[in-house]
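Participant: Sequence and predicted model, in that order:
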Amino acid sequence: MDPGDFDRSSRISREFQGLPGRGELWFSPGPASGFPGDRRSPDVQEASPLLEDLRRRLARAFQWAIQRRASRRAQEAAAAALEEQSRARVEVALAGLRAELVEMHFQNHQLARTLLDLNMKVQQLKKECELGFTSDSRSPKDNAANSE
């Protein structure tokens with residue numbers, strides 16, 4: 001590598017500084033004339049806008065990630081709230097069905113009792129009819145003989 005190559009590489013790196021992507025992160029390599037924190041260092045002065053740009057990009061990326069995470073949490077919370085509402089609706093519906101079943105059970109017992117009562121009355125009427133028919137079917141002579 002001869003001294004002309006160094007000038008050419010610094011010129012190329014300066015050309016890429018305005019392009020998106022990796023070109024924006026390049027800075028021309030110069031002779032080390034101090035420490036990175038030294039204000040007198042030309043490398044730091046050239047790198048400072050690049051570092052500032054990198055800092056801004058990272059800050060935007062972190063903000064975006066935080067917002068995305070917050071929106072995901074909000075979506076999860078909304079989904080959980082919807083699920084809780086649907087569970088509550090199901091519980092209310094089940095409670096209503098249970099109440100209806102209890103009412104139907106009560107009505108079923110009332111109908112069974114009514115049917116049993118009607119059956120007993122029908123049996124009594126049958127007996128009365130049979131007794132009436134047997135007393136009517138006897139002749140008046142039989143009735144007179146039985147009364148003596």
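Facilitator: Here it is on my side, so go on.
Participant: Quick one: the helices in the chain, in order.
Facilitator: Using DSSP state H, the helices of the chain run over 3-15, 42-137, 140-147.
Participant: I'd like the ones you listed laid out as TSV, including mean neighbour count.
Facilitator: Any C-beta I mention is one placed from the backbone N, CA and C, and that applies to glycine too. Shown next, in TSV, are the helices of the chain (neighbours: other Cβ atoms under 10 Å):
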stretch	mean neighbour count
helix 3-15	11
helix 42-137	11
helix 140-147	8
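Participant: would JSON lines of those with mean pLDDT be doable?
Facilitator: Below are the helices of the chain laid out as JSON lines (pLDDT from 0 to 100):
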{"stretch": "helix 3-15", "mean pLDDT": "52"}
{"stretch": "helix 42-137", "mean pLDDT": "91"}
{"stretch": "helix 140-147", "mean pLDDT": "59"}
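Participant: send the alpha carbons of stretch 108-115 over as CSV?
Facilitator: Output of stretch 108-115 as CSV, limited to C-alpha atoms (Å, rounded to 0.1, in the frame of the first residue of the first chain):
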residue,chain,number,x,y,z
ASN,A,108,-92.6,-31.6,36.1
HIS,A,109,-93.3,-32.5,39.8
GLN,A,110,-96.5,-30.5,39.8
LEU,A,111,-97.7,-32.2,36.6
ALA,A,112,-96.8,-35.7,38.0
ARG,A,113,-98.7,-34.9,41.2
THR,A,114,-101.7,-33.7,39.2
LEU,A,115,-101.6,-36.8,37.0
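Participant: What lies in contact with it?
Facilitator: For stretch 108-115, there are no surrounding residues in contact (Cβ atoms under 8 Å, 6 or more residues apart in numbering).
Participant: cool, and stretch 55-67?
Facilitator: The set of residues external to stretch 55-67 that reach it, using Cβ under 8 Å, 6+ apart, is empty.
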